[in-house]
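*Asks:* build me a model from this:
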Amino acid sequence: MDTLLPLLVGYMLGSLPFGLILTRVTGGGDLRAIGSGNIGATNVLRTGKKGVAAATLLLDMGKGLAAVVIARHVWPGSEDLAALAAVLGHCFPVWLKFKGGKGVATMMGISLGLAWPIGLAYAVVWLGVLFISRISSLGGMCAAVAAPVAALLLGHMAYVPVLGFLALLVVFLHRENIARLRAGTEPKVGSKT
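*Replies:* Just a heads-up that it's a prediction; the model follows:
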């Protein structure tokens, strides 16, 4: 049960589709029919509702952070399981036929929860690459890859396997973005497409 419960709690928290809910509640319709069809904050931004996009980003981060914090207090030593499940829940939510987001914001939340220096490294890389390139997908992928590297360099060896797996997952889920990056057609932040 000490393995199953943190996985279950992490997955359930991660699977809450805040972008979809907030867009619908604020009159934006079905987010899956807008822009890329993704349920994350970048696609919410394409609705023109910056506040809703910011709220989506914070809530998606928050659910990852919450999963880790709950696991640490209720099932000590299972934080990595809850972290894994939270990102998987965001990417593959049962409520949406397992078609969710790409996990970038939720991985930021779990990184902060596992060890704040890892989360800080994640944020610096994410925001730095985003500021320079104005390409959300590139910033997110670089940040995801930075997390296991930061864990390794900072001595948080227990978290390297789960963060490494999640980095590979985030990059895999961005495979269409990678193809557009290579073709020079990936949209920049603020684009409506």
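*Asks:* contacts for the one helix or strand in the chain whose mean pLDDT sits lowest?
*Replies:* In the chain, the helix or strand scored least confidently by mean pLDDT, DSSP states H and E is helix 41-45, which has a mean of 84. When contacts are defined by Cβ atoms under 8 Å, 6 or more residues apart in numbering, helix 41-45 is touched by residues 19, 22-23, 28, 31, 34-37, 52-54, 56-57, 60, 105, 136-137, 189-190. From N, CA and C alone the C-beta is placed, and that goes for glycine too.
*Asks:* go on, stretch 126-140?
*Replies:* Residues contacting stretch 126-140 (Cβ under 8 Å, 6+ apart): 42, 102, 104, 108, 125, 142-143, 170, 174, 177-178, 181, 186-190.
*Asks:* what's the ChimeraX line that selects buried ones from the residues you listed?
*Replies:* Buried residues among these (16 or more other Cβ atoms under 10 Å), as a ChimeraX selection:
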select :42,102,104,108,125,142,143,170,174,177,181,186,187
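*Asks:* show only the entries of the contacts of stretch 126-140 found in strands.
*Replies:* Using DSSP state E to define strands, no part of these is located there.
*Asks:* on that earlier part again, among the contacts of helix 41-45, name the buried ones.
*Replies:* For the contacts of helix 41-45, a burial check counting by 16+ other Cβ under 10 Å picks out 19, 22-23, 28, 31, 34-36, 52-53, 56-57, 60, 105, 136-137.
*Asks:* noted, bye for now.
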